[in-house]
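Enquirer: Pasting a predicted model and its sequence here:
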Amino acid sequence: MNIVYFDLETQRTANDVGGWDRKRDMGMSLGVTYSTGLEEYRIYREARVDELVQQLLKADLVVGFNVINFDYEVLMGYTVLDLPHYVRTLDLLVDVERRVGSKPKLDNIAQTTLGFGKTADGIDAIKWWRERRMLEIAEYCCYDVKVTKLVHEYGKQNGELFYTDKFNRKQRFEVAW
């Protein structure tokens, strides 16, 4: 089975484009995938967005964090395809929210489950885009894909993940991936 782990960063914030309902106008700065079939990371600039979409369409399963409500929405600014209906997807955030009733961040789940988290956040990546610091965006986005992969693999192997709730208490929840 070829699992493709996926994340992207944007060129603009929601404020820049007039609100969260305009994600398709945010523009992709970089997209990153890791394919278990190819055993490699791929980095896509905006000019190669069609290749990224094709890799997602060919995957047996795409795994991401908030990919349905964010990443696919940004990508649909470049394609006529309704990606959530064409791509078999496991959106970890959707599954976590269904199980725990809240939306802990990927960094929270990774820190609590694995002992390490993300290296930056999306606002940093937009700042780097404006400064044309593509290497920093690529490193950050690759690391996010790796964190997503490790969280998914941990959950799949152990049937559980952990997060810290709003009262800073460690919480356990079951997953069935």
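Expert: Received the coordinates, thanks.
Enquirer: Longest helix in the chain, please.
Expert: helix 134-158 (DSSP state H).
Enquirer: What's the first helix or strand after that one?
Expert: strand 160-164 (DSSP states H and E).
Enquirer: Quick one: work out the angle between that following strand and helix 134-158.
Expert: Angle between the axes of strand 160-164 and helix 134-158 is 120 degrees (criterion: axes from the mean of the first three to the mean of the last three C-alpha atoms, to 10 degrees).
Enquirer: which helices and strands sit right next to strand 160-164?
Expert: helix 92-100, helix 106-114, helix 134-158, strand 170-174 (3 or more C-beta pairs under 8 Å, 6 or more residues apart in numbering; DSSP states H and E). (Glycine included, C-beta is placed from N, CA and C.)
Enquirer: which other helices and strands contact the very next helix or strand once past the second one?
Expert: Per DSSP H and E, the first helix or strand lying C-terminal to helix 106-114 is helix 122-130. Using 3+ C-beta pairs under 8 Å, 6+ apart, the elements in contact with helix 122-130 are strand 3-10, strand 28-35, helix 134-158.
Enquirer: I'd like the ones you listed laid out as TSV, including mean neighbour count.
Expert: Formatted as TSV, the helices and strands packed on helix 122-130 follow (neighbours: other C-beta atoms under 10 Å):
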stretch	mean neighbour count
strand 3-10	26
strand 28-35	22
helix 134-158	18
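Enquirer: wait, which of those is closest to residue 77?
Expert: Comparison of the helices and strands packed on helix 122-130 against residue 77 by C-beta to C-beta identifies strand 28-35 as nearest, at 8.0 Å.
Enquirer: Give me the residues contacting that closest one.
Expert: Contact with strand 28-35 is made by 2-11, 40-46, 49, 52, 55-56, 59, 71, 74-75, 77-78, 125-126, 129, 134, 137-138, 141-142, 144-146, 149, as judged by C-beta atoms under 8 Å, 6 or more residues apart in numbering.
Enquirer: who does that strand pair up with?
Expert: Applying DSSP bridges, strand 28-35 is found paired with strand 3-10 (antiparallel), strand 40-45 (antiparallel).
Enquirer: Which pLDDT does the model give the closest residue to residue 34 other than its chain neighbours?
Expert: Of all residues not flanking residue 34 in the chain, residue 5 sits nearest, at 4.5 Å (C-beta to C-beta, 6 or more residues apart in numbering). At residue 5, the model reports a pLDDT of 98.
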